[in-house]
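Q: All I have is the shape, not the residue letters:
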Ligand SMILES: Nc1ncnc2c1ncn2[C@@H]1O[C@H](COP(=O)(O)OP(=O)(O)OP(=O)(O)O)[C@@H](O)[C@H]1O
Ligand SMILES: Nc1nc2c(ncn2[C@@H]2O[C@H](COP(=O)(O)O)[C@@H](O)[C@H]2O)c(=O)[nH]1
């Protein structure tokens with residue numbers, strides 16, 4: 001019998017564009033270097049400073065479609081005119097090796113992952129307010145006015161899907177948000193480790 005306690009956690013971190021998912025993940029990388037980060041494929045153009053294979057695997061639409069056809073993506077979604085998707089094999093290999101992996105993805109993709117991995121840990125990162133969310137996207141300085149409008153309009157619908165997540169974390173201060181996420185991960189490990197020995201022993205009995 002497969003013991004889920006031996007597998008790593010699949011952690012999904014979603015939240016509207018500009019809430020600070022990338023910023024929080026960067027700090028988590030420093031605070032919790034044992035966590036593995038999934039690198040997504042996308043058809044959007046790289047921003048200044050973004051590196052292929054580090055921030056994203058940058059693909060043409062044709063290349064992305066081939067990845068879909070070859071069933072190489074665990075999930076994918078269209079977001080504000082571009083495609084984004086999670087390479088499947090890296091996620092599977094990581095959790096099978098007993099390591100925890102974080103997917104930083106938008107909500108449509110997160111819901112697809114939930115169907116395939118209901119045992120995943122689904123965390124929604126919330127902005128302190130919609131005004132502050134807009135302020136963060138604008139201040140980042142990476143988006144055109146059109147893109148800011150589209151991202152803000154999608155954000156309102158995304159926040160409505162909060163109820164499908166296991167946890168909501170407000171990104172008021174990056175340090176506090178990271179501390180809450182690390183507490184969630186610790187608690188999820190405890191939950192699985194506490195339950196699995198009992199489950200395994202009674203599974204032996206009923207076999
Ligand atoms: N807690 C915070 N307080 C103030 N500013 C923040 C906070 N967290 C992130 N920011 C700033 O908000 C902007 C957006 O952050 P970031 O790029 O991490 O968001 P994101 O959710 O990853 O966006 P996207 O989904 O578009 O990639 C950045 O300029 C970042 O420095
Ligand atoms: N469904 C997926 N969404 C993803 C993936 N990788 C990133 N994202 C999300 O897309 C938006 C826009 O990202 P940006 O880098 O253009 O600002 C944001 O919400 C990301 O979290 C993915 O593999 N699948």
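A: Perfect, I can see it now. Just so we're clear, the structure is a prediction, and the values are computed from it rather than from any experiment. Ligands and ions are numbered 1, 2, ... in the order given.
Q: Stretch 132-151 near ligand 2 anywhere?
A: No: Stretch 132-151 is not in contact with ligand 2 by C-beta under 6 Å from any ligand atom; minimum separation 7.6 Å. Heads up, the C-betas are built off the backbone N, CA and C, glycines and all.
Q: what sits up against that stretch?
A: The contact list for stretch 132-151 (C-beta atoms under 8 Å, 6 or more residues apart in numbering) reads 16-20, 47-48, 80-81, 127, 152, 155.
Q: Can you list the residue ranges for strands in the chain?
A: Along the chain, counting by DSSP state E, strands occupy 10-14, 36-37, 41-42, 57-58, 73-79, 82-87, 101-104, 121-126, 167-170.
Q: wait, does the first one contact ligand 1?
A: I take that to be strand 10-14. No: on the criterion C-beta under 6 Å from any ligand atom, strand 10-14 is out of touch with ligand 1, staying 9.0 Å away.
Q: what angle do that strand and strand 82-87 make?
A: Using axes from the mean of the first three to the mean of the last three C-alpha atoms, to 10 degrees, one finds that strand 10-14 and strand 82-87 are set 160 degrees apart in direction.
Q: Stretch 128-141 - what's its average pLDDT?
A: For stretch 128-141, mean pLDDT rounds to 96.
Q: Give me the buried positions along that stretch.
A: The neighbour-count check on stretch 128-141 (16 or more other C-beta atoms under 10 Å) flags 133-134, 136-137 as buried.
Q: rewinding a little: please check the contacts of stretch 132-151 and keep the buried ones.
A: Buried residues within these, defined by neighbour count using 16+ other C-beta under 10 Å: 16-20, 80, 127, 152, 155.
Q: and which of the residues you listed is nearest ligand 2?
A: Of all the buried ones among the contacts of stretch 132-151, ligand 2 sits closest to residue 17, with 4.9 Å by C-beta to the nearest ligand atom.
Q: any idea how far the closest one is from ligand 1?
A: Distance of residue 17 to ligand 1, given as C-beta to the nearest ligand atom, to the nearest Å: 3 Å.
Q: For that residue, give me phi and psi.
A: The phi/psi pair for residue 17 (degrees, to the nearest 10) reads phi -60, psi 130.
Q: From residue 157, how far out is it?
A: Noted for residue 17: a distance of 12 Å to residue 157, by C-beta to C-beta, to the nearest Å.
Q: ok and the longest helix along the chain relative to strand 121-126, angle-wise?
A: Longest helix of the chain, by residue count under DSSP state H: helix 174-206. If you take the same axes, to 10 degrees, helix 174-206 sits at 160 degrees to strand 121-126.
Q: Can you get me a residue count around residue 96?
A: For residue 96, the neighbour count with other C-beta atoms under 10 Å is 12.
Q: quick one: it and residue 7 touch, right?
A: Yes: applying C-beta atoms under 8 Å as the test, residue 96 and residue 7 come out as touching, 6.5 Å apart.
Q: Can you pull out the low-pLDDT segments for this structure?
A: For the chain, applying pLDDT under 70 flags the ranges 1-5.
Q: Quick check: residues of it near ligand 1?
A: 15, 17-23, 136, 139-140, 171, 173-174.
Q: now stretch 150-166, how far from the chain's geometric center?
A: 14 Å (C-alpha atoms, centre = their mean, to the nearest Å).
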